[in-house]
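*Asks:* okay, sequence plus prediction incoming.
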Amino acid sequence: PIAGAAWITPILDIASGNYYDNFSGYHKNNPNQPIIESESCSCTTDRNEYATIESQGYCSPYGNVPWNNAETCPDGCWKPFAVNDYVMGSFDWTGFDYKGEPYPYAWPDINSHFGVNDIIGFPKDNYYYYKSAWIDMSDEIVLHILPNTWNNDTQTNPIRVRVFTNCPFVELFINNVSVTNGVKQKVEPLDYYAVSVTYN
C-alpha cells in the first residue's frame, strides 16, 4: 500500500495503491520497485443508457471518475498505467456489476454501476475501450460506436459520439453523409475518436 500503511511499502516486492495518482513521484524515490494499481477506475456506467437519470438509477458513460481525478473514464485513469513501464497494470473496479454499493445513488437503487460488464455479463461501452487498447488490429478489428441508438435518448443535442477502435483512422457517416467531410480522422493508441453530432 503506497498510501495508508506507506511505511511498509518500500520493503515489499511490489508496491500497490488504490486510486493513487502520483506513481511518478513514488517511482522516482523507489526506481527498482515495480508498481501495480490494486484498485482503479471505478467508472459508473449502465449498459445502453446514455443519460444520467438519478430517479431511475441510470449512469451515463459520459461521466468522469472522482477517485482518479480523471476527466474521462476509462481512458483518463487507464492511460497513466499503460504509458509507464514501471507500472505493471491495474485491477479495474470492477469486471462486473454486483448487488450493493449503488454509488452514486442509494436506496432503492441496489446495483453497483462500476462494472466493465453488467450484472448479467453483457459488455458495457467501456469494455470496448479496453478491447481496442489491448487487441492488435492484425488479430481482430475492434469498432464500437456510442451511443448505440439515435433516438435522442442521450437527452443532449448535439449528441456526443465516441468511437472505440484499434484502427488508426476512422470516418463516421450518418445517413450516408460523412461527418468529417470525407476526411479520415486519426485515432491515437489508448485514445478514441470523439465528435458532437446535431440530432435531427
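*Replies:* It's in.
*Asks:* only C-alpha atoms for contact and neighbour calcs from this point on.
*Replies:* Fine.
*Asks:* and the closest residue to residue 102 other than its chain neighbours, what pLDDT?
*Replies:* Nearest non-adjacent residue to residue 102, counting by CA to CA, 6 or more residues apart in numbering: residue 112, 4.2 Å away. Looking at residue 112, its pLDDT stands at 93.
*Asks:* check what pLDDT the residue lying closest to residue 135 once chain neighbours are set aside gets.
*Replies:* Distances taken as CA to CA, 6+ apart put residue 166 closest to residue 135, at 7.2 Å, once the chain neighbours are dropped. We have a pLDDT of 97 for residue 166.
*Asks:* wait, doesn't residue 166 sit right on residue 143?
*Replies:* Yes - the criterion here is CA atoms under 8 Å, and residue 166 meets it with residue 143 at 7.2 Å.
*Asks:* more crowded one of those two?
*Replies:* The neighbour comparison of residue 166 against residue 143 (other CA atoms under 10 Å) goes to residue 166, with 29 against 15.
*Asks:* surely residue 51 meets residue 58?
*Replies:* Yes - if you go by CA under 8 Å, residue 51 and residue 58 touch, sitting 7.0 Å apart.
*Asks:* which residues does the most centrally placed residue in the chain contact?
*Replies:* Nearest to the mean C-alpha position of the chain, by CA atoms, centre = their mean, lies residue 74 at 1.6 Å. Contact analysis of residue 74 by CA atoms under 8 Å, 6 or more residues apart in numbering lists 41, 43, 126, 129.
*Asks:* and the longest helix for the chain?
*Replies:* helix 125-134 (DSSP state H).
*Asks:* now do that one, average pLDDT.
*Replies:* For helix 125-134, the mean pLDDT works out to 94.
*Asks:* circling back: overlap in contacts, residue 166 and residue 143.
*Replies:* Common neighbours of residue 166 and residue 143 (criterion: CA under 8 Å, 6+ apart): residue 132.
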